[in-house]
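In: this is a predicted model, with the sequence first.
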Number of protein chains: 2
Amino acid sequence: MPTKPIPDIVVGRLPVYLRALSFLAAEGVQTTSSQDLGKRLGISAAQIRKDLSHFGEFGKQGTGYNVNFLREQIRRILKVDREWSIALIGIGDLGRALAHYGGFVDRGFRIVALFDVDPAKIGQRIGELEIMGMDKLAEVVRGRSIQVAMIAVPAAQAHQVAEQCFSVGIKSILNYAPITLQAPEGALVQHTDPVTHLQRMTYYL
Amino acid sequence: MPTKPIPDIVVGRLPVYLRALSFLAAEGVQTTSSQDLGKRLGISAAQIRKDLSHFGEFGKQGTGYNVNFLREQIRRILKVDREWSIALIGIGDLGRALAHYGGFVDRGFRIVALFDVDPAKIGQRIGELEIMGMDKLAEVVRGRSIQVAMIAVPAAQAHQVAEQCFSVGIKSILNYAPITLQAPEGALVQHTDPVTHLQRMTYYL
DNA sequence: TAGATTGTTAATCGATTAACAATC
DNA sequence: TAGATTGTTAATCGATTAACAATC
């Protein structure tokens, strides 16, 4: 009896719930409810309960949810109760900003390797890390069991860089280039492009 | 007879279509079809035709769509056939990267003002722009009719900064802080947080 | 106990897909 | 003309919401 897969749209909301729970935990809040969370996130209470019910029972009638407990459960479900190593490819302005960003580590991710094609950049250091040429990608990805990459290269190069990543065993790519990439069978690509968000908003202005 | 509002999920796909059409135009491609676009974007051809049908008829039976024509139509629908002025608030690593990013202008947006609370940063220049204190926000937003802001401040300050933006007349915020912000009636907030994307992917790993 | 809130069911709502006449 | 592709309708599929028994 194969279990029904969880809808991707539900999976996509879990990180948002997790973020809110971490915020509440940091504030010292012990308990929350689907209603309280829903109000904070602009989501209906019923939807939050329904979403969570795909994974188990985490609350108590009359009381709600223990913030730390639910947080730990979602961390486990999303597999961010560990640290994922990330390769960052493309060390321009955005790549540098990502390399400096301190918000990855306590949410389950650590950039452990930097890559660029520009010979002028190769060998430079950012913090602890040295920028490497793409010829080192296979070796580093395999050696450090990296499964996740972030791509911050120009649009014209993104497709080729993604191919290279997949060919050396990367399973997930977060793509910052403003172009839609195809993921091969068994791999995943997520896109993040500020302009698409802005354009979605101007429609309503 | 009030027209039915276009589903937001459809509006959200238009920027993706536009991005693909701009790519094709740059490649010199004259004509495309719902099937071709769908293949490139990982979306069904039927969905693309259905989405476009909310706004009018843009294609020709047997031929498909003229790339430049459809591109112009979507630019018009999304209102990015003009240039929107943007205020960028929070000039840390990410804010700096956004300030340097060259990809806004040809897609309808221009950062025209930089703000930070740090006295050490106020007065510094990035390119043509000088970083200003938040006390100048109201004046600049009104003076330059700015309707869109990007917030790249730490999570702890994001809520307050957003309130300030809305209070001086900003209608749309693209929020880079890892926290969910509420938009007041008549305003819009879009969130962009790399970690939520990464966490969504690790679920499947 | 009385009040609150969960997890779940069934109903509703909305989005996607399949199919096809129209027609370039 | 023959082949291709649109725009649209109806059917299907899936997601959200409302309601409520269970129970803390």
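Out: Received the coordinates, thanks. Residues are numbered from 1 along each chain as shown, chains lettered A, B, ... in the order given.
In: contacts for the helix or strand containing A:Tyr17 next, please.
Out: Per DSSP states H and E: A:Tyr17 is located in helix A:8-27. When contacts are defined by CB atoms under 8 Å, 6 or more residues apart in numbering or on different chains, helix A:8-27 is touched by residues A:32, A:37, A:40-41, A:43, A:48, A:51-52, A:54, A:67-68, A:70-71, A:74-75, A:77-78, A:80, A:107, B:155, B:178-180, B:193, B:195-197, B:199-200, B:203-204. Bear in mind the C-beta positions are built from the backbone N, C-alpha and C, glycine included.
In: selecting buried members of those in PyMOL, what would you type?
Out: Selection of the buried residues among the contacts of helix A:8-27 in PyMOL, burial being defined by 16 or more other CB atoms under 10 Å in any protein chain shown:
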select buried, (chain A and resi 32+37+40+41+43+48+51+52+67+70+71+74+75+77+78+80+107) or (chain B and resi 155+178+179+180+193+195+196+197+199+200+203)
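In: so which of the contacts of helix A:8-27 would count as near DNA strand D as well?
Out: Contacts with DNA strand D are made by A:Ile43 out of the contacts of helix A:8-27, judged by CB under 7 Å from any atom of the strand.
In: circling back: how far does the helix holding A:Tyr17 sit from its chain's centre?
Out: 12 Å (CA atoms, centre = their mean, to the nearest Å).
In: could you report the neighbour count for the residue of chain A found nearest DNA strand D?
Out: Closest contact between chain A and DNA strand D, by CB to the nearest atom of the strand, is at A:Gly62 (2.2 Å). Residues near A:Gly62, counting by other CB atoms under 10 Å in any protein chain shown, number 6.
In: what of A:Phe166?
Out: When neighbours are defined as other CB under 10 Å, A:Phe166 has 19 of them.
In: if I've got this straight, it is in a helix?
Out: Yes: under DSSP: H, G, I helix; E, B strand; the rest coil, A:Phe166 sits within a helix.
In: surely it is in contact with A:Ala187?
Out: Yes: because the distance of 5.6 Å satisfies CB atoms under 8 Å, A:Phe166 is recorded as touching A:Ala187.
In: what residues does chain A have near DNA strand D?
Out: A:7-10, A:43-44, A:46-47, A:49-50, A:60-63.
In: list the contacts for the spatially most central residue of chain A?
Out: For chain A, A:Leu174 is the residue whose C-alpha lies nearest the centre (CA atoms, centre = their mean; 7.3 Å). Counting by CB under 8 Å, 6+ apart, A:Leu174 touches A:148-151, A:189-190, A:192, B:194, B:197-198, B:201.
In: among those, which ones are in strands?
Out: A:148-151, A:189-190 (DSSP state E).
In: can you map out the strands along chain A?
Out: Going by DSSP E, chain A shows strands at A:31-32, A:59-60, A:64-66, A:84-89, A:109-115, A:125-126, A:129-132, A:148-151, A:172-175, A:188-191.
In: and chain A, what are its domains?
Out: Chain A breaks down into these structural domains: A:8-77, A:84-197 (assignment by automatic domain parsing).
In: quick one: the shortest one near DNA strand C?
Out: Yes: where contact is defined by CB under 7 Å from any atom of the strand, part of domain A:8-77 touches DNA strand C, namely A:33-35, A:45-46, A:49-50, A:52-53, A:57-65.
In: sorry, back to before: okay, the strands of chain A in a markdown table with mean pLDDT and distance to B:Ile111 next?
Out: A markdown table is the format used below for those (pLDDT from 0 to 100; distance: least, CB to CB, whole Å):
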| stretch | mean pLDDT | distance to B:Ile111 |
| --- | --- | --- |
| strand A:31-32 | 98 | 37 |
| strand A:59-60 | 96 | 44 |
| strand A:64-66 | 98 | 41 |
| strand A:84-89 | 98 | 24 |
| strand A:109-115 | 98 | 26 |
| strand A:125-126 | 96 | 24 |
| strand A:129-132 | 98 | 27 |
| strand A:148-151 | 98 | 23 |
| strand A:172-175 | 98 | 22 |
| strand A:188-191 | 97 | 22 |
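In: so what sits opposite A:Gly59 in the bridge?
Out: Per DSSP bridges, the residues bridged to A:Gly59 are A:Tyr65.
In: list the contacts for it?
Out: Contacts of A:Gly59 (CB under 8 Å, 6+ apart): A:33-34, A:49, A:52, A:65, A:70.
In: coming back round to it: inside helices: which ones of the residues of domain A:8-77 next to DNA strand C?
Out: Among the residues of domain A:8-77 next to DNA strand C, DSSP state H puts A:34-35, A:45-46, A:49-50, A:52-53 in helices.
In: next, give me the two most distant ones among these.
Out: A:Gln35 and A:Ser53 (15.7 Å; CB to CB).
In: and the residues of chain A next to DNA strand D, which is closest to chain B?
Out: Proximity to chain B was ranked across these by CB to the nearest CB; first place goes to A:Asp8, at 8.0 Å.
In: so what's A:Met150 up against?
Out: Contacts of A:Met150 (CB under 8 Å, 6+ apart): A:86-89, A:98, A:111, A:173-176, B:194.
In: adding distance to DNA strand C, write those residues out as TSV.
Out: As requested, the contacts of A:Met150 are exported to TSV (distance: CB to the nearest atom of the strand, whole Å):
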residue	distance to DNA strand C
A:Ile86	30
A:Ala87	32
A:Leu88	31
A:Ile89	30
A:Leu98	30
A:Ile111	33
A:Ile173	22
A:Leu174	22
A:Asn175	21
A:Tyr176	24
B:Pro194	24
